[in-house]
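K.L.:
Structure for the following, please:
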Amino acid sequence: MIENDYLLAWGVYAIAALGCLLVWFRLTRWMWRYLREPLRVLVAVLLFSPTVVDPVKEEVLAPAIAISAMDLLLDVGNSAWRAVADLAMYGLVAFALYLLFVAIRWPLERWWKGRRGPQPQAGDEDVPTLREIMQRENGDYADTRYDQGGKGRTRVEPRL
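P.N.:
So this is what the prediction gives:
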């Protein structure tokens, strides 16, 4: 494989891995934040960590997940332990950086939340609706949630 083919293969792999990572971001967006972010870091490490293919030629690299999968499933080489060790090292570094990021972000979020003040709870029943506020301003205190016959309407007013 010549140098241009090698770089072209890495470019194609990088674009495909970025696409897979974006799909993973989309799949995990519904999760709780403190579960979603470590899973995203884990997948990024699995997709973007390289390892040495041949110990004799140090400059030839390949994705570590591909090398470990091929060596374990097909018994084509003996680089599986090196690939797993590289994955573990990259994973350790990535999670250490993530924990550092969380340690910096957490006090900043607490400070920002304290600066905004207490937020009203969604379950407060004593908060009037927009219709009630407008009726007080206009002087009309008739309850329009009921028909003239006393039956309740099916329309539900949203709380603000």
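K.L.:
buried ones in the helix or strand bottoming out on mean pLDDT in the chain?
P.N.:
Ranking every helix and strand in the chain by mean pLDDT, DSSP states H and E puts helix 130-138 at the bottom, with a mean of 74. Within helix 130-138, the residues that count as buried by 16 or more other C-beta atoms under 10 Å are Gln135. Any C-beta I mention is one placed from the backbone N, CA and C, and that applies to glycine too.
K.L.:
would you put the C-alpha positions of that helix in CSV?
P.N.:
The C-alpha trace of helix 130-138 is given here as CSV (Å, rounded to 0.1, in the frame of the first residue of the first chain):
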residue,chain,number,x,y,z
LEU,A,130,-53.3,33.3,31.9
ARG,A,131,-57.1,33.3,31.6
GLU,A,132,-57.5,34.0,35.3
ILE,A,133,-55.0,36.8,35.2
MET,A,134,-56.8,38.4,32.2
GLN,A,135,-60.2,38.1,33.9
ARG,A,136,-58.9,39.9,37.0
GLU,A,137,-57.5,42.7,34.9
ASN,A,138,-60.8,43.0,32.9
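K.L.:
tell me what the helix or strand harbouring Trp111 is packed against?
P.N.:
Using DSSP states H and E, the element containing Trp111 is helix 80-116. When contacts are defined as 3 or more C-beta pairs under 8 Å, 6 or more residues apart in numbering; DSSP states H and E, helix 80-116 sits against helix 33-48, strand 50-52, helix 64-74.
K.L.:
how close does the spatially closest residue to Asn78 that is not a sequence neighbour sit to Asp126?
P.N.:
Spatial nearest neighbour of Asn78, excluding adjacent residues (C-beta to C-beta, 6 or more residues apart in numbering): Asp71 at 7.0 Å. To Asp126, Asp71 is 66 Å away according to C-beta to C-beta, to the nearest Å.
K.L.:
More neighbours: those two, which one.
P.N.:
Asp71 (18 against 4; other C-beta atoms under 10 Å).
K.L.:
Quickly note the distance from the more buried one to Pro38.
P.N.:
27 Å.
K.L.:
which intervals of this protein have sub-threshold pLDDT?
P.N.:
1, 119-125, 138-160 (pLDDT under 70).
K.L.:
tell me the contacts of the nearest residue to Val60 once chain neighbours are set aside?
P.N.:
Leaving aside its sequence neighbours, Val60 sits nearest to Val53 (C-beta to C-beta, 6+ apart; 4.8 Å). Going by C-beta atoms under 8 Å, 6 or more residues apart in numbering, Val53 touches 60-62, 67, 79.
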